[in-house]
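*Asks:* pasting the structure only:
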Ligand SMILES: [Zn+2]
C-alpha cells in the first residue's frame, strides 16, 4: 500500500469517524415528567380551604425558569388512558381510539417513540412507568429501555441511572401514586398533599442529576399531567381540569404561556425539539410552542 493512499484512507476514515461518546452534544436530550392525577386546582388553586397547599419548590422552580401554563387542557375523556395515549400520539381519544383504561393501542397511531426511533435509531429511548398500562400504549420495538417501577423513589432513581448513559436522548417517566392518593382520599386530602410533596422531592433529585450531567445545557424537561382530582376523589368533572404544562431548557422563552395549550401537544413539541418530522397522523398542533422553544438552527445548543 503506497503512502499517499494510506494518507487518503486515513483522511477518509477521519472524515467519517463516528462521534465518540459525549461528543454528540448537538443532539438534545428530553426528559418527560408525567405526573398522573396532578390538577392545577389541587395544587395551585383554592381547593385547600384554610389548609396550606403542597410545598413543591422543585416544580415551581422548573416553571419559574421555563415556560409554563397552569391552564393546559386535557382530552374530553378526562381520565388516564385516553390522555396518556393522546400525549404519546399527539391526538384525541376520538382519533387514537383508547377510550378506557383497558390495555389497548386503539388505532395504533405512531407514537413519539416511533418518530424518534426512525430519526435516531442508533440512540436510546426509555420509558420508566409506575402504571402498568403505559406499556400498552407504544410500540415496544421502538423503545430500548422499558422499566416498570413501584413508586416515585424507584422511578426517580431509574431515571437518574438511565441518564448516566449519554446515548440516552429521551426518557418518558410516569409517576402514578399521586393519582392513587386522589382516588382514595380526594384531591385536597393530607394524603394527596403528602404524595405531591414526595414526588416534588424526587423531581428535585432528577433535576440535580441533570444539572450535574455533561448534557445539562442541552437537556429539556417537560412536566405534564393527564387530569386532576375532585376534593372528594376522582371522577369526571370540570374541577379535574386544567393541568400544568411546563417546558424548561435551552432556547425556551421563560414566562407564563397565555395561549391555549393541551397535554397532547407534547408529541409535536418533542419532535420539534429534536428536529424530527412529526407524524402526519398527529392532529395536535405545535403552535404556540414553535414560538416558545427556539430550535433554529435545528439541533443547535445554546449557552
Ligand atoms: Zn390518571
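*Replies:* Received it, and whenever you're ready, just let me know what you need. None of these values were measured; they are calculated from a predicted model.

*Asks:* element containing the closest residue to residue 249 other than its chain neighbours, please.
*Replies:* Sequence neighbours aside, residue 220 is the residue nearest to residue 249 in space, at 3.2 Å (criterion: CB to CB, 6 or more residues apart in numbering). (Glycine included, C-beta is placed from N, CA and C.) Residue 220 belongs to strand 219-225 when assigned by DSSP states H and E.

*Asks:* quick one: is that strand near the ion?
*Replies:* No. On the criterion CB under 5 Å from the ion, strand 219-225 is out of touch with the ion, staying 7.8 Å away.

*Asks:* does the host helix or strand of residue 31 come close to the ion?
*Replies:* Assigned by DSSP H and E, residue 31 falls within strand 29-35. No. For a cut-off given as CB under 5 Å from the ion, strand 29-35 has no contacts with the ion; the smallest distance is 9.3 Å.

*Asks:* Where do the strands of the stretch 1-150 of the chain begin and end?
*Replies:* Ranges of strands in the stretch 1-150 of the chain, per DSSP state E, counting those that start in this stretch, are 29-35, 67-72, 124-129, 145-148.

*Asks:* so where's the stretch 51-200 of the chain uncertain?
*Replies:* 51 (pLDDT under 70).

*Asks:* Which residue would be the closest one in it to the ion?
*Replies:* Relative to the ion, the nearest point of the stretch 51-200 of the chain is residue 80 (3.1 Å; CB to the ion).

*Asks:* Can you tell me how far that residue is from residue 263?
*Replies:* 12 Å (CB to CB, to the nearest Å).

*Asks:* What residues does this protein have near the ion?
*Replies:* So the chain meets the ion at 36, 80, 179, 226 (CB under 5 Å from the ion).

*Asks:* quick one: which two of those are the most distant?
*Replies:* 179 and 226 (8.1 Å; CB to CB).

*Asks:* Buried deepest among the strands of the stretch 1-150 of the chain, which one?
*Replies:* Of the strands of the stretch 1-150 of the chain, the one with the most neighbours on average (mean count of other CB atoms under 10 Å) is strand 29-35, at a mean of 25.

*Asks:* quick one: that one to strand 124-129, angle?
*Replies:* Put simply, strand 29-35 runs at 10 degrees to strand 124-129, going by axes from the mean of the first three to the mean of the last three CA atoms, to 10 degrees.

*Asks:* which other helices and strands contact strand 29-35?
*Replies:* Judged by 3 or more CB pairs under 8 Å, 6 or more residues apart in numbering; DSSP states H and E, the packing partners of strand 29-35 are helix 152-163, strand 168-175, helix 190-211, strand 219-225, helix 266-274.

*Asks:* my read: the residue nearest to residue 249 touches residue 273, true?
*Replies:* Yes. The pair residue 220 / residue 273 is scored as a contact, 5.5 Å apart, by CB atoms under 8 Å.

*Asks:* what residues are shared contacts of the two?
*Replies:* Counting by CB atoms under 8 Å, 6 or more residues apart in numbering, the common neighbours of residue 220 and residue 273 are 28, 30, 249, 293.

*Asks:* neighbours of the residue nearest to residue 89 when sequence neighbours are not counted, just the number please.
*Replies:* Spatial nearest neighbour of residue 89, chain neighbours left out: residue 109 (4.2 Å); criterion: CB to CB, 6+ apart. A count of neighbours around residue 109, defined by other CB atoms under 10 Å, yields 22.

*Asks:* Next one: residue 109 from residue 131, what distance?
*Replies:* Per CB to CB, residue 109 is found 20 Å from residue 131.

*Asks:* Might you calculate how far stretch 285-292 sits from the centre of the chain?
*Replies:* 16 Å (CA atoms, centre = their mean, to the nearest Å).

*Asks:* Also stretch 118-129?
*Replies:* Averaging C-alpha positions (CA atoms, centre = their mean) puts stretch 118-129 13 Å from its chain's average.

*Asks:* Check stretch 250-257 too.
*Replies:* Distance, stretch centre to chain centre, for stretch 250-257: 16 Å (CA atoms, centre = their mean).

*Asks:* end to end, how far does it reach?
*Replies:* Distance across stretch 250-257, first residue to last, is 17 Å (CA to CA, to the nearest Å).
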